[in-house]
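Asks: Coordinates for the following, if possible.
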Amino acid sequence: MAENTRRGLFTLSGITGMLIATVLLLSILAGLTMWSIQTQQAQATNFYDPAPIVGSLDNLKAHSKDNANFAFQPVKKE
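Replies: Sure, this is the predicted structure:
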């Protein structure tokens with residue numbers, strides 16, 4: 001059996017490869033963190049308004065055929 005004589009400390013399978021992988025993973029983490037912070041800052045003033053949903057459900061009764069008027073209607077084919 002042939003002995004592996006091409007071992008090196010500073011090859012891609014050694015410290016250099018480990019450092020490249022670590023820097024790559026940390027840069028991906030930093031990028032995703034910045035992206036999430038920017039998204040949160042953009043949406044901080046865009047509050048959720050439940051009025052379209054709650055407003056149409058005020059007239060519903062527990063057991064009524066009129067509830068079909070508030071449900072999603074199928075698309076009418078012309």
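Asks: so where is the protein shaky, pLDDT-wise?
Replies: Scanning the chain for pLDDT under 70 picks out 1-2, 4, 6-7, 9, 50-62, 64, 67, 70-73, 78.
Asks: at 90 what do you get?
Replies: 1-17, 43-78 (pLDDT under 90).
Asks: can you pull out the helices in it?
Replies: Remark: helices assigned in the chain by DSSP state H are 15-43, 51-57.
Asks: Mind putting the ones you listed into CSV with mean neighbour count?
Replies: For every residue, glycine as well, the C-beta is placed using N, CA and C. As requested, the helices of the chain are exported to CSV (neighbours: other C-beta atoms under 10 Å):
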stretch, mean neighbour count
helix 15-43, 10
helix 51-57, 9
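Asks: Tell me which of those helices sits nearest to Glu3.
Replies: Nearest to Glu3 among those is helix 15-43 (21.6 Å), distances taken as C-beta to C-beta.
Asks: Relative to Asp66, which of the helices of the chain is closest?
Replies: Nearest of the helices of the chain (C-beta to C-beta): helix 51-57, 12.5 Å.
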